[in-house]
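Asker: Predicted structure and sequence below. I'll ask about it afterward.
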Amino acid sequence: MENLENIDDETYVDVEQMTDEITELLSNGIELNSVDEPFLKKIPMLGQNAINGILRHRESYRRFYSIYELKNCDGINERELDFLKQYAYIRDCDSVKRDDSFNQIHASLTSFAGRIYPDKSGYKKDVKNPYLGNPWQTYIKLKVTAGSKMFMNFSMEEDAGERFFSTNDGITDYTSASIELRNIKMIDKIIVGDYHVSFGQGLVMGGYNLGKSNCINGDILSYEGITRHSSTSEYGYYRGCGTMISPTKRLQINSFFSHQKIDANLSDSSSINSLKTDGFHRTDGELAKRKNAEREMYGGNIKWKEKKWSIGITGVYYKYNHLLTPNSQPYNIFRTRNRADNYNASVDYKIKIRNVQLCGEYAKSADGGFATVNHARIHANSRMSFSLVQRLYTPDYNSDFSNAFGENSRNQNERGVFIGADLLPYPHIHIRGYIDVYRFDWLKYQVNEPSVGSDCMATIDIGLGYNRKLTAKYRKHTKSLTDNNSHVFEKEMHIWRLTYKNERRTTINYKTIVEANKLFGWGYVAAQDLTLSRRNKRANISIRYAYFNAAEYQNRIYLSEKDVTGYFSMPVFYGEGHHVGVTAQWKITPRLQIYAKYSGLIYTDGREQIGSQTNEIIDGNKSTQIRFTMVFSM
């Protein structure tokens, strides 16, 4: 999805999970005369200006008579209009609604395989701690739906280097399943199995957020509630049961319970030093950490909703079967330690006053710390909106499941103010930008005193007609670093990106990208994309060539590229060399599609090996990746 290019480089997002949720959300299209604002807010590709424009147009004219009326809706830019043309439709007044019974069953089976050539050093028999399995990563995913009443997911995955039957609880290293029932009397949904939870602004239970760029004209979190876990990610989900009920139209009650075995790094006294979150179990040492700890969790959310405002209360209690004893370093002395449990509670709100939308959350943790984040969006008119986010996270606020707005990976030890603007001064010009200033009141990792920082970004999209677009982006990021003499200093990183797209909606489309940055030195990349497709859209092929030169790792460049379905590719370029990627899609029958990806990397900076970790080293200066995906729908 093209909009995912706006994800901040250092923001973790389970894109596979997000893609599955959005695909399911859009599986029945967007019926313009019945869709409501909560549904539209779940779609990251639509900004708040576009949502307001659709709702205002429908309110003014009572209904849509044609999808071409979207061109007349204020606040919809060209990218959003192209997206809506793919999924929007209008149901005839006399048409019969879609069958929601259990009899309308659909299923899809997805299989994936991929590997890297040549083999990494971990597959050699003479290394100290070799990988136990083969170099192939594989998974299968089965998804079954019955109308809008029942949904089921089942996944099995084996990472590269992992061995089949290496554990006692399944054929593969990772197995996940969930089933969801909806709209059974006053029960909105009930999920049994693996699921995700997100409430308020994410200070207690946070889902995925797409970073600062997408906060300019959208919510911090794209979705609130309990959702099934459908990706192959082995961390960030819960295993148990979750329910959502609506005793009245205004009252909504969510509750959830989870008990699961998790990976952890244990000390000699069997206390938990840290959680292991990468999901790899390739060596004897990694297998020893597999599911060696347990976590139990209870929680819920109560929300009262009115037309112009809502208020919610969230609480969660969780307990591990071992004491938490994180490493004693000055920067993390406020982390939960010498106890096995914790709890968090919060109050969140949303208020809409004419063209102003306010939302926020205030949270407390068992350690006595607190956190608050407040977000205001001001829609001056259909072509101008502003966003303001204030946050304050004390150093002693601890939440294992938060994912709210912020600069740090943890919502802890941070205060700051974010100001963003989204402007459409002319029909074919779209300007977005933000300024974020923040302070850390306590030490950070590798920064041995309280510090400050800032992050500024500006983007302008210029439509050149005939589906051509030029995008210019500038970002300045100021961070505090510690030198070899333990002195803290500020360092600025500048990033420039220029993108030209020609999407003629025919058989040939192309895109040119040039990006440069400056920190300790210079880094830059130049990439050319070419997409060829048949007129009947049964097959297409995308080709990318990139030349990069970033001598220092600090000047590394992230650049997303097309990949097989369900796989989000954002390779990191540093050093000097060439990159080639080829992705093909072939729709063999209406029910069977095949995707393939080839990518090659050649370094020309004189290196004799790729990688630095002992088991991840590749001999030589070349590497190749291949991936295959098959999707069969029934």
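Answerer: Thanks, I have the structure now.
Asker: so how far is the biggest helix by length in the chain from its chain's centroid?
Answerer: Longest among the helix segments of the chain by residue count, using DSSP state H, is helix 48-61. The gap between the average C-alpha position of helix 48-61 and the chain average comes to 27 Å, counting by Cα atoms, centre = their mean, to the nearest Å.
Asker: What's the mean pLDDT across that helix?
Answerer: The average pLDDT for helix 48-61 rounds to 86.
Asker: swap in stretch 367-376?
Answerer: Stretch 367-376 carries an average pLDDT of 95.
Asker: and that stretch, how far out from the chain's middle?
Answerer: When distances are taken as Cα atoms, centre = their mean, stretch 367-376 is centred 22 Å away from the chain's centroid.
Asker: Residues touching it, excluding its own?
Answerer: Around stretch 367-376, the neighbours that count as contacts under Cβ atoms under 8 Å, 6 or more residues apart in numbering are 201, 203, 215, 219-220, 334, 336, 342, 356-365, 387-399, 402, 404-406, 411-412. In short, each C-beta sits where N, CA and C put it, glycine included.
Asker: Please repeat the previous calculation with a cut-off of 6 Å.
Answerer: Under the contact criterion Cβ atoms under 6 Å, 6 or more residues apart in numbering, stretch 367-376 has outside partners 201, 203, 220, 358-364, 388-394, 396-398, 404-405, 411.
Asker: Which parts of this protein belong to which domain?
Answerer: As assigned by automatic domain parsing, the chain contains the domains 29-89, 523-544+562-634.
Asker: Among the ones you listed, which one carries the weakest average confidence?
Answerer: Within the domains of the chain, the stretch with the lowest mean pLDDT is domain 29-89, showing a mean of 84.
Asker: Buried residues, stretch 542-561. List them.
Answerer: By neighbour count on 16 or more other Cβ atoms under 10 Å, the buried set for stretch 542-561 is 542-544, 546, 548-550, 554-557, 559-561.
Asker: Please apply the same query to stretch 163-171.
Answerer: Neighbour-count burial for stretch 163-171 flags Arg163, Ser166, Thr167 (criterion: 16+ other Cβ under 10 Å).
Asker: Let me have those residues in a markdown table, extended by secondary structure, pLDDT and distance to Gly620.
Answerer: Formatted as a markdown table, the buried residues of stretch 163-171 follow (DSSP: H, G, I helix; E, B strand; the rest coil; pLDDT from 0 to 100; distance: Cβ to Cβ, whole Å):
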| residue | secondary structure | pLDDT | distance to Gly620 |
| --- | --- | --- | --- |
| Arg163 | coil | 91 | 26 |
| Ser166 | coil | 71 | 30 |
| Thr167 | coil | 71 | 34 |
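Asker: ok, those vs Trp586, which is closest?
Answerer: Nearest to Trp586, judged by Cβ to Cβ, of those is Arg163 at 32.2 Å.
Asker: The closest one against Asn134, yeah?
Answerer: No - using Cβ atoms under 6 Å, Arg163 is not in contact with Asn134, being 8.1 Å away.
Asker: Partner strands of whichever strand or helix holds Ala526, with direction?
Answerer: According to DSSP states H and E, Ala526 maps onto strand 522-533. With DSSP bridges as the test, strand 522-533 is paired with strand 508-518 (antiparallel), strand 539-550 (antiparallel).
Asker: Can you give me the buried ones in it?
Answerer: Within strand 522-533, the residues that qualify as buried are Gly523, Tyr524, Val525, Ala527, Asp529, Thr531, Ser533, counting by 16+ other Cβ under 10 Å.
Asker: And stretch 317-333, by the same measure?
Answerer: By neighbour count, with 16+ other Cβ under 10 Å as the criterion, the buried positions of stretch 317-333 are Tyr318, Tyr320, His322, Leu323, Leu324, Thr325, Pro326, Tyr331, Asn332.
Asker: could you point out which element follows the helix or strand encompassing the second one?
Answerer: Going back to what we said before, that points to Tyr320. Assessed by DSSP H and E, Tyr320 sits inside strand 309-324. Going down the chain from strand 309-324, the next helix or strand is strand 339-353, by DSSP H and E.
Asker: Buried residues in that following strand, which are they?
Answerer: Asn342, Tyr343, Asn344, Ala345, Ser346, Asp348, Tyr349, Lys350, Lys352.
Asker: need the strands for the stretch 101-250 of the chain, in chain order.
Answerer: Taking DSSP state E, counting those that start in this stretch as the criterion, the stretch 101-250 of the chain contains strands spanning 105-117, 137-146, 150-158, 174-184, 187-198, 225-228, 238-245.
Asker: Pick the most buried one from the ones you listed.
Answerer: Of the strands of the stretch 101-250 of the chain, the one with the most neighbours on average (mean count of other Cβ atoms under 10 Å) is strand 225-228, at a mean of 24.
Asker: Quick check: beta-bridge partners of Val347?
Answerer: Ile313, Tyr362.
Asker: So what angle separates the directions of the helix or strand hosting Phe257 and strand 309-324?
Answerer: Using DSSP H and E, the element containing Phe257 is strand 251-262. Our comparison of strand 251-262 with strand 309-324, counting by axes from the mean of the first three to the mean of the last three Cα atoms, to 10 degrees, yields an angle of 20 degrees.
Asker: What's the mean pLDDT across strand 251-262?
Answerer: With pLDDT averaged residue by residue, strand 251-262 scores 97.
Asker: List the buried residues for that strand?
Answerer: Going by neighbour count (16+ other Cβ under 10 Å), the buried part of strand 251-262 is Gln252, Asn254, Phe256, Ser258, Ile262.
Asker: Of those, just say which sits nearest to Gly465.
Answerer: Sorting the buried residues of strand 251-262 by how near they are to Gly465, with Cβ to Cβ, puts Gln252 at the top with 47.0 Å.
Asker: wait, isn't the closest one in contact with Ser246?
Answerer: Yes - here Gln252 reaches Ser246: they are 5.2 Å apart, a contact under Cβ under 6 Å.
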